[in-house]
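Q: Provide a 3D model corresponding to the input given below.
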Amino acid sequence: MEIIKPGNFGKTVAADTRRSEFDFSNEQFLVTNRKIDLLFIGDSITHYWTQQAYFSSDKCIVNRGIGGDSTPYLLRRFDAD
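A: Okay, the predicted model is just below:
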């Protein structure tokens, strides 16, 4: 499977702050063939939400929230994240 990396957006964009972290994490999921049970993508509400408090610990939960993100950039990073 090919890893999608949208790169940085090139100006002061909140989505750039966690791009390298997300790319590395995505590569690890592919290398280990680990199944993702729940994926959350969004802005600061998602970023700072403690999903583990609401879901069982045996679930693989991925948080792709970025504080300060906006819809145009979320849509551009959606497939990669």
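Q: Under a three-state scheme, what state does the residue nearest to the spatial centre of the chain occupy?
A: Note on the chain: the residue nearest the mean C-alpha position is residue 64, at 2.5 Å, using Cα atoms, centre = their mean. Assigned by DSSP: H, G, I helix; E, B strand; the rest coil, the conformation of residue 64 is strand.
Q: Now do it against residue 78, distance only.
A: Residue 64 sits 9 Å away from residue 78, going by Cβ to Cβ, to the nearest Å. In short, each C-beta sits where N, CA and C put it, glycine included.
Q: Where does pLDDT dip in the protein?
A: Where the chain drops to pLDDT under 70, the residues are 9-10.
Q: please redo it, this time with the cut-off set to 80
A: Along the chain, the model assigns pLDDT under 80 to residues 1-4, 6-12.
Q: Please identify the buried residues of the lengthiest helix in it?
A: Counting residues, the longest helix found in the chain (DSSP state H) is helix 19-32. Neighbour-count burial for helix 19-32 flags 19, 22, 23, 26 (criterion: 16 or more other Cβ atoms under 10 Å).
Q: ok, these vs residue 40, which is closest?
A: residue 22 (12.6 Å; Cβ to Cβ).
Q: OK, contacts around the closest residue to residue 27 other than its chain neighbours?
A: Computed as Cβ to Cβ, 6 or more residues apart in numbering, the closest residue to residue 27 that is not its neighbour in sequence is residue 3, at 5.9 Å. With contact taken as Cβ atoms under 8 Å, 6 or more residues apart in numbering, residue 3 is in contact with 23, 26, 27, 30, 80.
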